[in-house]
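Kindly return the folded structure for what I paste below:
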Amino acid sequence: MKVLVIGSGGREHAMVWKIAQSPLVEEVFCAPGNAGIAGQATCVSLKVDDIDGLLAFAQQKQIDLTVVGPELPLTLGVVDRFRAAGLTIFGATRDAAQIEGSKSFCKDLMAKYGVPTASYGTFTDCDEAVAFIKQQGAPIVVKADGLAAGKGVILADTVEQAVAAVESILCEGAFGSAGARVVIEEFLEGEEASFLAFTDGERIVPLASSQDHKAAYDGDTGPNTGGMGAYSPAPVVTPEIHDKIIEQVLKPTIAGMAAEGCAYSSILYAGLMIKDGELKVLEFNARFGDPETQPLLARLKSDIVPVLLACARGDLSGVELEWHDKAAVCVVMASGGYPGDYAKGHAIDGLDAAAGIEDLVVFHAGTTLQDDSIVTAGGRVLGVTGLGTTVAEAIERAYQGVKTINWKDVHYRSDIGRKALNR
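Numbering: from 1, shown residues only. Predicted coordinates for the structure are as follows:
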């Protein structure tokens, strides 16, 4: 069969890498892809928001399965368009993708169906938002309502910081139309975890637990990013917590989506805060996480293609996932200055040497080919993913790879996975 993956990041490279291993697959295409993906798939010069172009390509090449990586094409209705044309596609419909595309929709859904989450308020008026902040006090969280590439969440330590965030988003348009509305919510303490599960709208097939590292710098300091690293399994998700996530979070959310007329059949990602054996939902994503996908797929023993097909066809009955016993750790190597301004076009050294390290996979994110050299082309550049019999071993292997690779002004965190060691 022929498979098309939509996207160009580390998540999509991990998907292509895993899909290409399937005996069911003859050819993999990726639109637009990157320099690393080009080694395992045919890259196609189509942007992720070019729905007409993607549909025409899939029809022309007689693609048997399309897999959507990023959130933007989901919210633009790529799944609806493909299905209307009779094509098999894995991803959330436009209505279902609201769970990520609108934080106010997501919070209202959780409030209505009893899913544990932080208390909140939703605002389009700057003065009302500021008054709410002053009434609530700090620390407090300010979120742009729409999609902001993982950067639309501001954890404000003071009232002044929160007010500045509201003014930047609502009044000055820092995130454009994505910031036409803000959600302001209670600051939650605890340890974060990511929990992903396939669902066909009724059945739930959970993936292994994982933990992302959102902050730019060591010790979870600095601005929020799209994610600076992840590991799996995450010991904070105990068997008891695992069961609570299924019963208190996934089941009522999936039932609630169906009741609201936007049945959910895809991968559902719950970002959680866990403290003292209790949990609350920080956010939902309507797609695989990045960088959680990299360690998760590195650990997945099962062929992923039959699972993606079953989910796309709306019937997960009989589907089970098998996992390798090894732990996996992904360290994101980013451009200096990310998530702010950064330079592009720096030549990357050491990729061949890293490719020779056992139990190490380097997933490309922001890379491109330039005169036969691989150069930086984005904020998050590589996801260096190590495997080991323990998380400690996987950390060691990942950082062995990181230290082998270099470019001008490279930046990465040195503490990815440390929380697992502390447990």
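
Got the domain ranges for this structure?
According to automatic domain parsing, the chain comprises the domains 2-94, 125-180, 191-312, 327-422.

need those in CSV with mean neighbour count and mean pLDDT, can you?
All C-beta atoms are positioned from the backbone trio N, CA, C, and that covers glycine. Listed next are the domains of the chain as CSV, based on neighbours: other C-beta atoms under 10 Å; pLDDT from 0 to 100:
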stretch, mean neighbour count, mean pLDDT
domain 2-94, 21, 98
domain 125-180, 18, 90
domain 191-312, 20, 96
domain 327-422, 20, 97
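
could these go into TSV alongside distance to Pro116?
Below are these laid out as TSV (distance: least, C-beta to C-beta, whole Å):
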stretch	distance to Pro116
domain 2-94	22
domain 125-180	16
domain 191-312	5
domain 327-422	21
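
Tell me who's in contact with the residue nearest to Tyr338 when sequence neighbours are not counted.
Once flanking residues are discounted, Tyr338 sits nearest to Gly379: 3.7 Å by C-beta to C-beta, 6 or more residues apart in numbering. Applying C-beta atoms under 8 Å, 6 or more residues apart in numbering to Gly379 gives the contacts Thr225, Gly226, Ala334, Ser335, Tyr338, Pro339, Tyr342, Gly366.

closest one to Val115 among the domains of the chain?
Val115 sits nearest to domain 191-312 of all the domains of the chain, at 5.4 Å, using C-beta to C-beta.

Can you get me the start-to-end distance on the closest one?
For domain 191-312, the separation between the terminal residues is 33 Å (C-alpha to C-alpha, to the nearest Å).

Also stretch 339-348?
Start and end residues of stretch 339-348 are separated by 19 Å (C-alpha to C-alpha).

Report the distance from it to the chain centre.
Put simply, stretch 339-348 sits 21 Å off its chain's centre (C-alpha atoms, centre = their mean, to the nearest Å).

Out of the domains of the chain, which gets nearest to Gly114?
Judged by C-beta to C-beta, the one of those that comes nearest to Gly114 is domain 191-312, at 5.8 Å.

From Pro223, how far off is Gly340?
According to C-beta to C-beta, to the nearest Å, Gly340 stands 8 Å off from Pro223.

any idea how far Asn34 lies from Pro295?
Note on Asn34: its distance to Pro295, by C-beta to C-beta, is 19 Å.

Now do the helices in the stretch 51-200 of the chain.
Here the stretch 51-200 of the chain has its helices, by DSSP state H, counting those that start in this stretch, at 51-60, 71-75, 78-84, 98-101, 103-113, 126-136, 159-166.

can you redo the ones you listed as JSON lines with distance to Glu396?
Below are these laid out as JSON lines (distance: least, C-beta to C-beta, whole Å):
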{"stretch": "helix 51-60", "distance to Glu396": "40"}
{"stretch": "helix 71-75", "distance to Glu396": "33"}
{"stretch": "helix 78-84", "distance to Glu396": "40"}
{"stretch": "helix 98-101", "distance to Glu396": "34"}
{"stretch": "helix 103-113", "distance to Glu396": "38"}
{"stretch": "helix 126-136", "distance to Glu396": "43"}
{"stretch": "helix 159-166", "distance to Glu396": "37"}
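
Gly388 is nearest to which of those helices?
helix 71-75 (31.1 Å).

and the closest one, how far out from the chain's middle?
Centroid displacement of helix 71-75 relative to its chain, using C-alpha atoms, centre = their mean, is 12 Å.

outside of it, which residues touch it?
For helix 71-75, the external contacting residues (C-beta under 8 Å, 6+ apart) are 6, 48-49, 51, 54, 68, 91-94, 97-98, 100-101, 147, 285-287.

for stretch 149-163, same thing?
Under C-beta under 8 Å, 6+ apart, the answer for stretch 149-163 is 130, 133-134, 137-144, 146, 165, 169, 175, 178-179, 184, 187, 214, 223-227, 339.

Can you name every helix or strand that the longest helix along the chain contacts?
Ranked by number of residues, the top helix in the chain under DSSP state H is helix 391-404. Contacts defined by 3 or more C-beta pairs under 8 Å, 6 or more residues apart in numbering; DSSP states H and E place helix 391-404 against strand 229-232, strand 327-335, helix 351-355, strand 360-364, strand 380-388, helix 418-422.
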